[in-house]
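Novice: sequence first, then the predicted structure, then my questions.
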Amino acid sequence: MNAHARDALVTDFEQLIGVIELPDPDDRHVLAAAIKGHADLIVTANLKDFPADKLERWGIEAQHPDEFLTHQFHLSQPAFLQAVKTVRQRLKNPAKSVDDYLDTLRAQGLLATVKSIEPFDQFI
């Protein structure tokens, strides 16, 4: 990730961990890194451990991956569909047909995302 996404690695966030309160103390490092990295959003399927009332103090929101991906799709359908196609085509062991890939996304709980992209299956 470091080679392809500049500033993806957040460091020196450890001092914040002690002042953060979350339902699961083992998740505090995630919020600390988000704060230090000036993030607006934490994308996680673990929403129960990142309640809005604990995040709002820091100006950060937690969002399920399905909601995040659906928003990305609506921002730029062509770019999103191309990204999905690229990811699917990189799968080699095993390779996945479009239908198999959509089934994988469904199994991961990305139901709204699949509903959005399924009509464009010829592009993915």
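Specialist: Nice, I can see it. Numbering: from 1, shown residues only.
Novice: strands of the protein, start to end?
Specialist: Applying DSSP state E to the chain gives strands spanning 41-43, 61-63.
Novice: how far away is Pro78 from Asp7?
Specialist: Noted for Pro78: a distance of 26 Å to Asp7, by C-beta to C-beta, to the nearest Å. For the C-beta atoms, the positions are set from N, CA and C on the backbone; glycine is no exception.
Novice: surely Pro51 and Asp24 touch.
Specialist: No. Between Pro51 and Asp24 there is no contact under C-beta atoms under 8 Å: 10.7 Å.
Novice: domain parsing for this structure?
Specialist: Per automatic domain parsing, the structural domains of the chain span 14-63, 67-119.
Novice: quick check: mean pLDDT across the last one?
Specialist: Right, the one you point to is domain 67-119. Per-residue pLDDT over domain 67-119 has a mean of 97.
Novice: that'll do, ta.
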